[in-house]
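Participant: The following comprises the amino acid sequence and a computationally predicted model.
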Amino acid sequence: MTKVLYAGSFDPMTNGHMNIIEQACDLFDEVIIAVMQNASKKTGLFTLEERIEMIRELYQNNPHIQVISGNGATVDIALLYECKAMIRGLRSLSDYDYEVQLQQVNKELSHHQVNTICFFADKEYQFVSSSVVKELFYLNKDISNYVDPIIQEKMLTKKR
């Protein structure tokens with residue numbers, strides 16, 4: 001069984017994230033989604049537990065997806081769960097520059113046991129990020145094209 005890790009803060013999970021997950025599900029036996037606590041951000045829109053719960057709800061009918069929480073180095077989580085690779089989504093050239101650096105460090109830290117595989121988001125998601133979605137949401141703009149209805153409802157509930 002070929003397992004891959006997709007780690008991120010997913011605050012909130014966007015249609016862009018889901019697009020990357022769908023692509024990975026087409027190629028791998030199991031996709032482990034590691035919902036990470038971003039140490040550089042004091043607070044987010046959702047707690048770690050809320051994000052995990054939402055993502056589990058989104059993928060409750062997909063037996064090829066496992067949702068876990070994670071902290072620390074993602075490469076350590078990949079090794080712990082016996083993942084052959086970590087997947088990353090690319091939207092732009094600036095994403096690429098960052099990912100090239102990160103993949104080399106992760107490969108060295110894993111003693112060449114874990115590779116990084118980059119997926120390009122489909123064109124309609126190339127500009128979607130959690131930060132953009134949150135900003136639009138706080139400005140009371142329609143975010144229905146950027147997040148699943150489950151996520152949008154949770155965001156509206158949180159706002160109330």
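Facilitator: That came in fine, so what should we check first?

Participant: Where in the chain is the helix or strand with the lowest mean pLDDT?
Facilitator: helix 93-109 (a mean of 88; mean pLDDT, DSSP states H and E).

Participant: The helix or strand just after it packs against which elements?
Facilitator: Scanning forward in sequence from helix 93-109 by DSSP states H and E, the next helix or strand is strand 115-120. Counting contacts by 3 or more Cβ pairs under 8 Å, 6 or more residues apart in numbering; DSSP states H and E, strand 115-120 packs against helix 15-27, strand 85-90, helix 93-109. Yep, even glycine has a C-beta here, placed from its N, CA and C like the rest.

Participant: Tell me where the model's unsure across this structure.
Facilitator: 38-43 (pLDDT under 70).

Participant: One more pass at 80, please.
Facilitator: Low-confidence segments of the chain, defined by pLDDT under 80: 38-43, 92-95, 160.

Participant: Would you mark the buried spots in whichever strand or helix holds Leu156?
Facilitator: Using DSSP H and E, Leu156 maps to helix 149-159. By neighbour count on 16 or more other Cβ atoms under 10 Å, the buried set for helix 149-159 is 151-152, 154-155.

Participant: List the contacts of that helix.
Facilitator: Helix 149-159 has contacts (Cβ atoms under 8 Å, 6 or more residues apart in numbering) with 12-14, 45-46, 50, 54, 57-58, 137, 143-144, 147.

Participant: before we move on, back to that, what angle do the least confident helix or strand of the chain and strand 115-120 make?
Facilitator: 170 degrees (axes from the mean of the first three to the mean of the last three Cα atoms, to 10 degrees).

Participant: Now render the contacts of helix 149-159 as JSON lines, adding neighbour count and distance to Gln101.
Facilitator: Formatted as JSON lines, those follow (neighbours: other Cβ atoms under 10 Å; distance: Cβ to Cβ, whole Å):
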{"residue": "Pro12", "neighbour count": "27", "distance to Gln101": "26"}
{"residue": "Met13", "neighbour count": "26", "distance to Gln101": "25"}
{"residue": "Thr14", "neighbour count": "25", "distance to Gln101": "24"}
{"residue": "Leu45", "neighbour count": "17", "distance to Gln101": "28"}
{"residue": "Phe46", "neighbour count": "21", "distance to Gln101": "28"}
{"residue": "Glu50", "neighbour count": "16", "distance to Gln101": "31"}
{"residue": "Met54", "neighbour count": "24", "distance to Gln101": "30"}
{"residue": "Glu57", "neighbour count": "13", "distance to Gln101": "34"}
{"residue": "Leu58", "neighbour count": "19", "distance to Gln101": "30"}
{"residue": "Phe137", "neighbour count": "20", "distance to Gln101": "31"}
{"residue": "Ile143", "neighbour count": "22", "distance to Gln101": "31"}
{"residue": "Ser144", "neighbour count": "9", "distance to Gln101": "35"}
{"residue": "Val147", "neighbour count": "25", "distance to Gln101": "29"}
